[in-house]
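*Asks:* Based on what follows, work out the 3D shape:
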Amino acid sequence: MADKQMADQDNRFTLRLEQQQGFQFLVSWDSPDVPELLVDEPAPLGHDTGPSPSRMLVLAVGNCLAASLLFSLRKFKNQSEPIRASITGELVRNEHNRLRIGHVEVELQMGAAADQLQHLDRVLEQFEDFCVVTESVRHGFPVAVTVRDGSGTIVKQGGMEAPIEG
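*Replies:* Sure thing, here's the model as predicted:
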């Protein structure tokens, strides 16, 4: 039982945001060695002084896929660096005219020719399955939301419903 609790704690992480001004927030990571990051919304809402949450989500999908491809290539002792990625996200409006990420396109380029790589068919068959972010986004995940007022009192709580399987 203690081992399971330790494993669960190792799989959890907490990031911190603190509003700086307008829609700018300073991100503090769960590692003191990682520099803080300023995020912002694009104009006219924000001032474009840092990446927006939408761009960070699209980046996370592409970065995770690139890292998963590298991991899968290295499993078979392949050297295919550098891996490059071009990631395109498109914002669309839903039925309530709210912006959402409509889709993400990721183009990955390996640094070696296909005929120089061992077991490339197996690499290509499995690398996406190792990508935590892409597979999470593709299948959806519940998000719990708690809102507290200035005194710490909870004013809203909810949102852990499971995604609808279709």
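*Asks:* give me phi/psi at the spatially closest residue to V147 that is not a sequence neighbour?
*Replies:* Of all residues not flanking V147 in the chain, K156 sits nearest, at 4.1 Å (C-beta to C-beta, 6 or more residues apart in numbering). Backbone N, C-alpha and C define where each C-beta goes, glycine included. When read as degrees, to the nearest 10, the backbone of K156 gives phi -160, psi 140.
*Asks:* What segments of the chain are strands?
*Replies:* For the chain, applying DSSP state E gives strands covering 16-21, 24-28, 37-39, 84-93, 99-109, 145-148, 154-158.
*Asks:* For K77, find the nearest of those strands.
*Replies:* Nearest to K77 among the strands of the chain is strand 99-109 (19.4 Å), distances taken as C-beta to C-beta.
*Asks:* Show me what the closest one is packed against.
*Replies:* Contacts defined by 3 or more C-beta pairs under 8 Å, 6 or more residues apart in numbering; DSSP states H and E place strand 99-109 against helix 53-75, strand 84-93.
*Asks:* Identify the residues contacting the shortest one?
*Replies:* This means strand 84-93. Contact partners of strand 84-93, identified using C-beta atoms under 8 Å, 6 or more residues apart in numbering, comprise 54-55, 57-59, 61-63, 65-66, 99-109, 111.
*Asks:* now do 6 Å
*Replies:* Outside strand 84-93, the residues within contact range by C-beta atoms under 6 Å, 6 or more residues apart in numbering are 58, 62, 66, 99-109.
*Asks:* do the same with stretch 112-123
*Replies:* Stretch 112-123 is contacted from outside by S72, L73, F76, N78, S80, using C-beta under 6 Å, 6+ apart.
*Asks:* tell me the mean pLDDT for it?
*Replies:* Confidence for stretch 112-123, expressed as mean pLDDT, is 95.
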